[in-house]
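Colleague: quick one, fold the following:
(chains A and B)
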Amino acid sequence: DTEVTQTPKHLVMGMTNKKSLKCEQHMGHRAMYWYKQKAKKPPELMFVYSYEKLSINESVPSRFSPECPNSSLLNLHLHALQPEDSALYLCASSPRLAGSYEQYFGPGTRLTVT
Amino acid sequence: KNEVEQSPQNLTAQEGEFITINCSYSVGISALHWLQQHPGGGIVSLFMLSSGKKKHGRLIATINIQEKHSSLHITASHPRDSAVYICAATNTGNQFYFGTGTSLTVIP
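Modeller: This is a model prediction of the structure:
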């Protein structure tokens, strides 16, 4: 299984809602990543987990809260988002954080904040 | 200044043409990646290379470490090659530095 899955595919939420994005991989990868991508721009790194511990937080606002409950799962909890947070949210994984590895990307969750 | 620069930003080609996309980087890297993103979102890794040249089907990627430059070539282009191609450099922490992407349209 060389797939990273993400749910939901699409999400529309109001600014007062709380929702979660989910990412799953069963490749035994120990590094997992959240990216945010706006239209016609490259992905921007948000968070990196290595061995289920938060390794990198790229100064992301606290309305985004990541969680890595086990080595296969990565969640992104959303609360009190702003319309400018509307974007494609991509999850990725790689075997390890250190070294040179390909990252395997999920299909993304397209988020619209109304 | 972005650590990874790509050119061209947009490219339109006729089916069958030979296509080249260029990538220059200013950071020290452990590897250079070429990624493909179709409309709708998902990103696929095409190549990871740290020296020389790699080939997969009609796609060829080269890297010149001394000149800090990489190219992605597509031979006999096809409309299904239409996508955004992204160059990304990684350091030893496997953090990606993304280029701005090249939007390729291949016309039948």
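Colleague: which bits of chain A sit near chain B?
Modeller: A:31, A:37, A:40-43, A:45, A:48, A:56, A:88, A:90, A:92, A:94, A:96-108, A:110 (C-beta under 8 Å from any C-beta of the partner chain). C-beta coordinates here come from the backbone N, C-alpha and C atoms, glycine included.
Colleague: so B:N22: helix, strand or coil?
Modeller: What DSSP: H, G, I helix; E, B strand; the rest coil gives for B:N22 is strand.
Colleague: tally up the residues packed near it, please.
Modeller: Look at B:N22: counted by other C-beta atoms under 10 Å in any protein chain shown, it has 15 neighbours.
Colleague: so what's it up against?
Modeller: B:N22 is in contact with B:6-7, B:69-71, counting by C-beta atoms under 8 Å, 6 or more residues apart in numbering or on different chains.
Colleague: same thing with B:L46?
Modeller: B:33-36, B:56, B:59, B:61, B:72, B:85.
Colleague: per-residue pLDDT, it?
Modeller: On the pLDDT scale, B:L46 is placed at 96.
Colleague: that one: what secondary structure?
Modeller: Following three-state DSSP, we place B:L46 in the strand state.
Colleague: neighbours of residue 104, how many?
Modeller: Using chain A here. Neighbourhood size, A:Y104 [other C-beta under 10 Å]: 21.
Colleague: not quite, go with chain B.
Modeller: A count of nearby residues for B:L104, using other C-beta under 10 Å, gives 21.
Colleague: in this structure A:E3 contacts A:Q25, no?
Modeller: Yes. Between A:E3 and A:Q25 there is a contact under C-beta atoms under 8 Å: 7.3 Å.
Colleague: hmm, who's touching the helix-or-strand element of chain A with minimal mean pLDDT?
Modeller: Using mean pLDDT, DSSP states H and E, the weakest-scoring helix or strand in chain A turns out to be strand A:53-57, at a mean of 90. Residues outside strand A:53-57 that contact it (C-beta under 8 Å, 6+ apart) are A:31, A:45-49, A:66, A:68, A:97, B:95.
Colleague: put together TSV for those, with secondary structure, neighbour count and pLDDT on each row.
Modeller: Below are the contacts of strand A:53-57 laid out as TSV (DSSP: H, G, I helix; E, B strand; the rest coil; neighbours: other C-beta atoms under 10 Å in any protein chain shown; pLDDT from 0 to 100):
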residue	secondary structure	neighbour count	pLDDT
A:A31	strand	22	94
A:L45	strand	18	92
A:M46	strand	20	95
A:F47	strand	23	95
A:V48	strand	23	94
A:Y49	strand	21	95
A:P66	strand	20	97
A:C68	strand	18	97
A:L97	coil	21	84
B:Q95	coil	17	78
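Colleague: so what strands line up beside the least confident helix or strand of chain A?
Modeller: Here strand A:53-57 is paired, per DSSP bridges, with strand A:44-50 (antiparallel).
Colleague: can I get the partner strand in PDB, CA atoms only?
Modeller: Extracted in PDB, the C-alpha atoms of strand A:44-50 (Å, rounded to 0.1, in the frame of the first residue of the first chain):
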ATOM      1  CA  GLU A  44       3.500  25.900   2.200                       C
ATOM      2  CA  LEU A  45       4.700  23.800   5.000                       C
ATOM      3  CA  MET A  46       2.600  24.000   8.200                       C
ATOM      4  CA  PHE A  47       3.700  21.200  10.500                       C
ATOM      5  CA  VAL A  48       6.000  18.200  10.500                       C
ATOM      6  CA  TYR A  49       5.700  15.200  12.800                       C
ATOM      7  CA  SER A  50       8.600  12.800  13.300                       C
END
